[in-house]
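Engineer: this is the structure alone, sequence omitted:
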């Protein structure tokens, strides 16, 4: 592939997948700015390693898994190394996502990922299983448990 073809392909990927990847990163990243950084990191990784994809669905799955994994890594790393004052300031400045998305973001990662992919991105349970390399029954269980936790969280907020 020539340099020009690589650039065109990268522009296509960025234009096609940026909104979806940003939404996915927002479900796990500590802040919107971190979510943007996650997506940029994933595109940089794509540009650096030039993975070969079987088809468009494989490319999309790779990008989504890389985004979710990078956002999870960032979220885990932030818990230990951010000073308390800085964390409090970031929480105060964080945008209001509304009660539903905030509740989804507060779920454990196993549940928030499947709920995001199912409801926000429109994937079927079988597609989510393929994307996350999980058995179909596991995805169904996580979706059911995530819904139940969401229901309880939203009931608590109403009370």
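Structural biologist: Thanks, I have it. Since we're looking at a predicted model, the values are computed, not measured. Residues are numbered from 1 along each chain as shown.
Engineer: which single helix of this structure contains the most residues?
Structural biologist: Across the chain, the helix with the greatest residue count (assigned by DSSP state H) is helix 56-81.
Engineer: show me what it is packed against.
Structural biologist: For helix 56-81, the elements it packs on are helix 3-26, helix 32-49, helix 109-115, helix 125-132, judged by 3 or more CB pairs under 8 Å, 6 or more residues apart in numbering; DSSP states H and E. Every residue, glycine included, has its C-beta placed from N, CA and C.
Engineer: how many neighbouring residues does the closest residue to residue 17 other than its chain neighbours have?
Structural biologist: The shortest distance from residue 17 to any non-neighbouring residue, by CB to CB, 6 or more residues apart in numbering, is to residue 63 (5.4 Å). If you count neighbours by other CB atoms under 10 Å, residue 63 ends up with 25.
Engineer: how near is residue 145 to residue 10?
Structural biologist: Distance, residue 145 to residue 10, using CB to CB, to the nearest Å: 38 Å.
Engineer: same check, this time on residue 56
Structural biologist: Distance, residue 56 to residue 10, using CB to CB: 15 Å.
Engineer: tell me, how many residues neighbour residue 52?
Structural biologist: Number of residues near residue 52 (other CB under 10 Å) recorded here: 7.
Engineer: for residue 136, same thing?
Structural biologist: Neighbour tally, residue 136, other CB under 10 Å: 14.
Engineer: quick one on the thing from earlier: how about the contacts made by the residue nearest to residue 17?
Structural biologist: 13, 17, 21, 42, 46 (CB atoms under 8 Å, 6 or more residues apart in numbering).
Engineer: let's have the helices and strands packed on helix 56-81 in TSV, adding mean pLDDT.
Structural biologist: Below are the helices and strands packed on helix 56-81 laid out as TSV (pLDDT from 0 to 100):
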stretch	mean pLDDT
helix 3-26	89
helix 32-49	91
helix 109-115	89
helix 125-132	89
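Engineer: just so I know, which of those lies nearest residue 155?
Structural biologist: When the helices and strands packed on helix 56-81 are compared by CB to CB, helix 109-115 sits nearest residue 155, at 16.4 Å.
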